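Participant: need coordinates for the following:
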Amino acid sequence: MVFYFKARPEAGDYTIFMGLDKYENEELIKYGFPEDIWFHVDKMSSAHVYLRLQKGQTIDDISEGLLEDCAQLVKANSIQGNKVNNIDVVYTPWSNLKKTPSMDVGQVGFHNSKMVRTVRMEKRINEIVNRLNRTKVERKPDLKAEREAVNAAERVERKQQLREKKNDVRNWKGLKRKDKQR
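Facilitator: Residues are numbered from 1 along each chain as shown. Predicted coordinates for the structure are as follows:
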């Protein structure tokens, strides 16, 4: 089961999601998208929360409001983190998550610790958590199939771009020949 949330309207059309438990988190880790940003309470147990950015966007494009929505959701879904103030929430691109066979279910590391960012959450803001929870939808997606569909679409797009590039080169060479003949 995956829980989906809608970010604050002024932030734009973004989806925030998290797994039901550590086993679902394992699937989210395995079948994430390049546009996904992963959030977790630092040094405490918490939900794995993801923000799906628009194609072409990076971690630098996350607005303060969107960042606060994700961090508040992580804090609210951490047994320890929800009880204390002044916690750190770490976040990084999904592609930076590292999973090794020796790690427990749901546990991750990072390929590059310099790509991990931290935001301090002074306290839980119930307005934000309640607004997000009102948008909560439960689904049982086939994460593997979704990922495979995206991969297939990207392959088709790359092939089309290569065809267009070849045609451009052929057209350019044809123009060059015509110029030589003149």
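Participant: output the lowest mean pLDDT helix or strand found in this protein.
Facilitator: The least trusted helix or strand in the chain, going by mean pLDDT, DSSP states H and E, turns out to be helix 143-181, with a mean of 79.
Participant: how far is that helix from where the chain is centred?
Facilitator: Helix 143-181 sits 28 Å away from the centroid of its parent chain (CA atoms, centre = their mean, to the nearest Å).
Participant: in terms of secondary structure, what does that helix contact?
Facilitator: helix 22-30 (3 or more CB pairs under 8 Å, 6 or more residues apart in numbering; DSSP states H and E). All C-beta atoms are positioned from the backbone trio N, CA, C, and that covers glycine.
Participant: the helix or strand following the helix it packs on pairs with which strands?
Facilitator: Remark: after helix 22-30, the chain's next helix or strand is strand 36-41, criterion DSSP states H and E. Strand pairing for strand 36-41, determined by DSSP bridges: strand 49-52 (antiparallel), strand 87-93 (antiparallel).
Participant: most packed of these?
Facilitator: Of all the strands paired with strand 36-41, strand 49-52 carries the top mean neighbour count, a mean of 25, counting by mean count of other CB atoms under 10 Å.
Participant: and Leu66, how close does it get to Asp21?
Facilitator: 25 Å (CB to CB, to the nearest Å).
Participant: quick one: which of those two has more around it?
Facilitator: Leu66 (20 against 11; other CB atoms under 10 Å).
Participant: find the nearest non-adjacent residue to that one, please.
Facilitator: With CB to CB, 6 or more residues apart in numbering as the criterion, Leu66 has its nearest non-adjacent residue at 4.4 Å, and that residue is Ala11.
Participant: for the one you found, give me phi and psi.
Facilitator: Dihedral pair for Ala11: phi -80, psi -20, per degrees, to the nearest 10.
Participant: that one against Ser63, yeah?
Facilitator: Yes: using CB atoms under 8 Å, Ala11 is in contact with Ser63, at 5.6 Å.
Participant: of those two, which one has the most company?
Facilitator: Ala11 (18 against 14).
Participant: show me what contacts that one?
Facilitator: Contacts for Ala11 (CB atoms under 8 Å, 6 or more residues apart in numbering) come out as Ser63, Gly65, Leu66, Asp69.
Participant: cutoff 6 Å now
Facilitator: Ser63, Gly65, Leu66 (CB atoms under 6 Å, 6 or more residues apart in numbering).
Participant: reformat the strands paired with strand 36-41 as TSV; add distance to Glu26 and mean pLDDT.
Facilitator: Listed next are these as TSV, based on distance: least, CB to CB, whole Å; pLDDT from 0 to 100:
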stretch	distance to Glu26	mean pLDDT
strand 49-52	13	96
strand 87-93	17	97
